[in-house]
Structure formats: structure tokens, C-alpha cells
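# what's the 3D shape of this:
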Amino acid sequence: MVTAYLSWYGFSYYTTSLEERFYHPGHGLLKPSGLMGHGLGIVGTLLILIGVFGYMIRKRNKSLSRLGVLKYWLEFHIFLCTLGPIMVLFHTAFKFGGIVSISFWSMVAVVASGVIGRFIYNQIPRTIQGRELSLIEIKDNKVEISKKIQNLIPTNANEIDSLLKSKDKMDDKNSTISSTFSQLWLDWKEDKRKLKQVKRILKQHITNPIQIKELTRLIKVEMSIERRIQRLKVMQELFRYWHIAHLPFAIIMLVIMVIHVVVTLSFGYKWIF
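From the prediction side, this is the model:
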């Protein structure tokens, strides 16, 4: 919504060439040192700092566990560190140069790696508190769901069992990062195909649509857990590598951001204060 509004509001200005922006009626407001442009930079920077350091402090300080579940702090971190860079982008008025460009592209790398990290994070089953589940806990969870499915599924729908047991499993010993990612799309398509078959079979044996919906949901969860068990070791390894790539870009971004703020204040650029 913020992106859409800022794009609509400043479309005419941002699409004007850099040489002609000085004569644009919105230049005084939307330029990086303008009232709105400068404000976007300040607010965006504050959102990034709150998102980064708020999550880091909550994650490392166990005494703050009463302030909320770590999972929700991560969601808050992602939200602020997505909204903040968007505001900083409009603060620059899409004009990049000098040391600021290094900070900007570092910020882009941080956001991009954050999206990848979020995907990898979701592949590793966790508790609502954010604690990573062990393989035994994951398998126990799968057994519980399997029991619920067996209790709900009709006895004459044996073809569903054979359909679900026909999954092609990856061998953890031979799986690699490249093979895991190349298989993700194929796994998704295969599971989607099997779910369609499951629904078709269920409709032949069950007349209650609510029961069909619940069974389909449980089977979908079971299939998802099975895939995550297959990829668990590789995803855990990927997540460790991801930290190595994500952290340096974040540090570069923050350091240059601080330098930029100090230089701006030294030259006397102030907002509404």
C-alpha cells in the first residue's frame, strides 16, 4: 500500500529526467533533502534500525521472552525491514551515486537474501516459540497426523494409502543444495497432482463436504511434513550458509547509513527540527 501510494503520488516527479526535476513543481517536496523526501529517509532508517536491533535483542536475550513469541518478532522484523527500504528508496528519488549507492545496493542484497532466508526458515519445522524441532519431534508429529487421517478415512478407500505411500524420497546422504532446489518445483507439482487424485477418491466414498475438506487439509499437512523431513538436513545446512551471506551485507548497509547521516548533519541538512 505504501509503495502504491508513493508511486502514485510522485509518479510525475520520479519519471522526470534528473536534469529537469529542478523545474518540477514537486521538486521542493520530493527531492532527497525535501520535506517529504527527507522524512521518508528518516522514517525508513528508523524502521530498519528498530526491525534489526529489536529482533536481535529479543532473540539473544532470553529474559525478554515475556515480550512476545520469537516467531512474531521475526514477522515484525521482516515487515519493518521491508517497509523501511521501500521508504529509503523513495527518499533517494531513484538517484544513486557515491557512497550512498554502496549502502543502497547492500540494502537490496539484504532484502533479497532476507526473502531467501525466510523461505529456508519456513522449510525447517519449528514450535510457535520459534524453536527448531528435532527430527524425532517432526516424525512424531507426522505419526499423530497419520493417525487422525486413518480414523477419518473410509475403510474402502485403500487406494489413498497406496497413493500417499508412493512418494519418491530423497536420500539425505546423496542430497545436495542444488539437487534440493531443483527438486522443489517437481515436488510441488507432484503433491498438487496427488491432492487432486485424493479429492476425487474421497468424493467417491464420502458425502460430507466438511469431512472431505478436513481430510484433504490433514493429508496436505502430512505431505508437507514428509517433504520437509526429506530435505531437513540440507535446509539446516543452507540456513547456516545463509547467515554468512546475510550478515555482512547488513553490517555494510548500517555502517554506510550511519556515515551518510553524519555527513548530512555536518552539512547542515535538517528535517523539521
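
# Torsion angles phi and psi at Phe104?
Torsion angles at Phe104 (phi, psi; degrees, to the nearest 10) stand at phi -60, psi -50.

# To clarify, my last question referred to Glu132.
Residue torsions, per degrees, to the nearest 10, at Glu132 are phi -70, psi 130.

# Can you name the residues bridging to it?
Counting by DSSP bridges, Glu132 is bridged to Arg126.

# which residues of the protein fall in helices?
Chain-ordered helices for the chain, with DSSP state H as the definition, fall at 2-14, 27-30, 35-60, 70-91, 98-123, 135-152, 158-164, 177-205, 209-266.

# Let me know which of those helices is tucked in deepest.
helix 70-91 (a mean of 19; mean count of other C-beta atoms under 10 Å). No exception for glycine: its C-beta is placed from N, CA and C like everyone else's.

# Quick one: residues in contact with it.
2-3, 6, 10, 14, 32, 37-38, 40-41, 43-48, 50-52, 54-55, 58-59, 104, 107-108, 110-111, 114, 118, 121, 126, 128-130 (C-beta atoms under 8 Å, 6 or more residues apart in numbering).

# about what we covered before: mind putting the helices of the chain into CSV with mean pLDDT and distance to Glu20?
CSV is the format used below for those (pLDDT from 0 to 100; distance: least, C-beta to C-beta, whole Å):
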stretch, mean pLDDT, distance to Glu20
helix 2-14, 90, 10
helix 27-30, 90, 9
helix 35-60, 90, 17
helix 70-91, 88, 19
helix 98-123, 82, 22
helix 135-152, 84, 59
helix 158-164, 68, 63
helix 177-205, 76, 45
helix 209-266, 84, 25
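
# With distance to Arg21 added, can I get those helices in a markdown table?
As requested, these are arranged in a markdown table below (distance: least, C-beta to C-beta, whole Å):
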| stretch | distance to Arg21 |
| --- | --- |
| helix 2-14 | 7 |
| helix 27-30 | 5 |
| helix 35-60 | 11 |
| helix 70-91 | 14 |
| helix 98-123 | 17 |
| helix 135-152 | 56 |
| helix 158-164 | 61 |
| helix 177-205 | 43 |
| helix 209-266 | 19 |
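
# Would you map out the domains in the chain?
Listed by automatic domain parsing, the domain ranges of the chain are 2-130+241-266, 135-233.

# Can you get me the start-to-end distance on the first one?
Okay, so that is domain 2-130+241-266. End-to-end distance for domain 2-130+241-266, by C-alpha to C-alpha, to the nearest Å: 30 Å.

# how close does the residue nearest in space to the middle of the chain sit to Leu74?
Of all residues in the chain, the one closest to the mean position by C-alpha atoms, centre = their mean is Arg118, 3.6 Å from it. Separation of Arg118 from Leu74 (C-beta to C-beta, to the nearest Å) stands at 8 Å.

# and the gap between the residue nearest to the centre of the chain and Pro154?
From Arg118 to Pro154 the distance is 39 Å (C-beta to C-beta).

# follow-up on the earlier one: okay, and the common contacts of Arg118 and Leu74?
Jointly contacting Arg118 and Leu74 under the rule C-beta under 8 Å, 6+ apart is no residue at all.

# before we move on, back to that, for the residue nearest to the centre of the chain, give me its contacts.
Ile78.

# gap between it and Val255?
From Arg118 to Val255 the distance is 24 Å (C-beta to C-beta).

# repeat for Ile57
Noted for Ile57: a distance of 19 Å to Val255, by C-beta to C-beta.

# And for Arg58?
23 Å.

# With Gln197 instead?
Distance, Gln197 to Val255, by C-beta to C-beta: 54 Å.
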